[in-house]
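> Sharing a model that was predicted from the sequence below.
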Amino acid sequence: MLRRPAVAGSWYPDDPAVLGRQVDRGLAAAPAVAGPDDAIVGLLAPHAGIMYSGRVAAAAYAAVKGRAFDLVVLVGPSHYVGFDGVAVWPGGAFETPLGRIPVPEAEVARLVAASPVIVERTDAHAREHSLEMHLPFLQRALPGTPLVPLVMGEQTRETMLALADALATVYAGRSVLLAASTDLSHFFDAATAARLDGRVARLVGNLDDEGLLAELERYPMYERGRFVMCGGGPAVSVMRAARLLGSTGARVLAQAHSGEVSGDSTQVVGYLAAAFGRFGRTH
């Protein structure tokens with residue numbers, strides 16, 4: 001079963017040579033943030049068009065470039081299909097212009113068996129860009145690493161916590177990278193966005209999943225994507241699971257907003273990159 005790209009040629013280049021060069025430049029330009037003795041368990045990165053958030057996404061994946069993981073578990077929000085729970089692609093592969101990433105059926109089955117909130121369904125993945133925008137960075141930073149792709153529907157407290165607990169149970173003792181896909185506040189002026197996004201960045205930087213969940217719950221569910229982050233549920237789940245898997249800290253790697261590229265600071269979207277794990281002294 002093959003999930004073909006939905007936004008190649010619009011949100012990012014569909015020419016593999018052009019795309020590869022663009023991603024490689026971003027990874028090479030990212031500052032070194034982790035040493036060889038630092039253990040990275042999770043990442044947070046954005047999913048806007050590559051010209052807007054690619055630099056920030058590259059900062060996240062540069063932190064794990066060249067490391068060895070048995071599997072990457074990528075969790076993003078559903079923008080197009082409404083449903084309860086978390087949808088996993090059943091197996092096969094995800095495709096980008098850079099090639100195919102295998103989705104192991106056995107790994108999918110383990111996760112589905114771990115929680116009733118995780119179900120196999122393809123419709124939530126068909127048009128979804130929140131995972132797809134990560135894939136070229138994943139392919140260049142961790143080539144050949146298999147993927148378990150998850151899309152979260154209604155971002156309820158129950159779903160966030162159930163997914164986190166399932167991830168922590170299934171992947172305990174394994175070399176697995178968890179990644180959450182989210183943008184920050186949407187369509188405020190740059191000054192307002194800085195205030196809203198700064199609050200989120202502090203919570204993420206403190207690996208405070210409980211505080212982030214409380215921040216999301218300050219707003220009605222339909223407003224959380226605007227005031228906090230569209231992938232708040234995936235972020236909480238990955239942060240909580242990373243902490244349960246032994247992460248003791250976090251590092252904010254990059255932060256930006258769309259106005260820095262477009263030149264329009266009246267309505268911006270915020271972006272953040274972070275890593276979760278066990279870090280030694282500052283490098």
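Looks like it came in fine.
> which helix is the longest one in the chain?
helix 190-205 (DSSP state H).
> Now the helix or strand that that helix is followed by: buried residues?
Moving toward the C-terminus from helix 190-205, the first helix or strand encountered (DSSP states H and E) is helix 209-216. Using 16 or more other CB atoms under 10 Å as the test for burial, helix 209-216 gives 209, 211, 212, 213, 215, 216. Glycine gets a C-beta too; all of them are placed from N, C-alpha and C.
> TSV for those, including pLDDT and distance to residue 260?
Putting the buried residues of helix 209-216 into TSV (pLDDT from 0 to 100; distance: CB to CB, whole Å) gives the following:
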residue	pLDDT	distance to residue 260
209	98	28
211	98	27
212	98	24
213	98	29
215	98	24
216	98	25
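> hang on, the earlier thing: please work out the average pLDDT along the longest helix of the chain.
Confidence over helix 190-205 (mean pLDDT, whole number) is 98.
> Now do that helix against helix 209-216, angle only.
Using axes from the mean of the first three to the mean of the last three CA atoms, to 10 degrees, the direction of helix 190-205 lies 150 degrees away from that of helix 209-216.
> other SSEs contacting helix 190-205?
On a contact count with 3 or more CB pairs under 8 Å, 6 or more residues apart in numbering; DSSP states H and E, helix 190-205 meets helix 209-216, strand 249-257, strand 268-278.
> got TSV for those, with distance to residue 179 too?
Supplementary listing: those in TSV, determined by distance: least, CB to CB, whole Å:
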stretch	distance to residue 179
helix 209-216	15
strand 249-257	13
strand 268-278	10
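> In stretch 5-15, which residues are buried?
With burial defined by 16+ other CB under 10 Å, the residues of stretch 5-15 counted as buried are 5, 7, 8, 11, 12, 13.
> What is the end-to-end distance of that stretch?
The first and final residues of stretch 5-15 sit 12 Å from each other (CA to CA, to the nearest Å).
> Next: stretch 205-224.
End-to-end for stretch 205-224, by CA to CA: 19 Å.
> outside of that stretch, which residues touch it?
Residues lying outside stretch 205-224 but in contact with it, judged by CB atoms under 8 Å, 6 or more residues apart in numbering, are 154-157, 160, 164, 199-200, 203-204, 227-230, 232-233, 235-236, 239-240, 242-243, 247-252, 274, 276.
> Quick check: PyMOL command selecting the buried ones in the residues you listed.
Burial among the contacts of stretch 205-224 is assessed by 16+ other CB under 10 Å; the matching PyMOL selection reads:
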select buried, resi 155+160+164+199+200+203+204+227+228+229+230+232+233+235+236+239+240+242+243+247+250+251+252+274+276
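> quick one, the longest helix of the chain and strand 249-257 angle?
Between the direction of helix 190-205 and that of strand 249-257, the angle (the same axes, to 10 degrees) works out to 160 degrees.
> Helices of this protein, start to end?
Listed in chain order, the helices found in the chain under DSSP H are 16-29, 50-62, 105-114, 123-126, 129-132, 135-141, 157-170, 190-205, 209-216, 221-227, 232-244, 259-262.
> Quick one: mean pLDDT for the fourth one?
To tie it back to what came earlier, the one meant is helix 123-126. Helix 123-126 comes out with an average pLDDT of 98.
> now the last one
Across helix 259-262, pLDDT averages out at 97.
> Please work out which residues outside it touch it.
When contacts are defined by CB under 8 Å, 6+ apart, helix 259-262 is touched by residues 51, 52, 190, 265, 266, 268.
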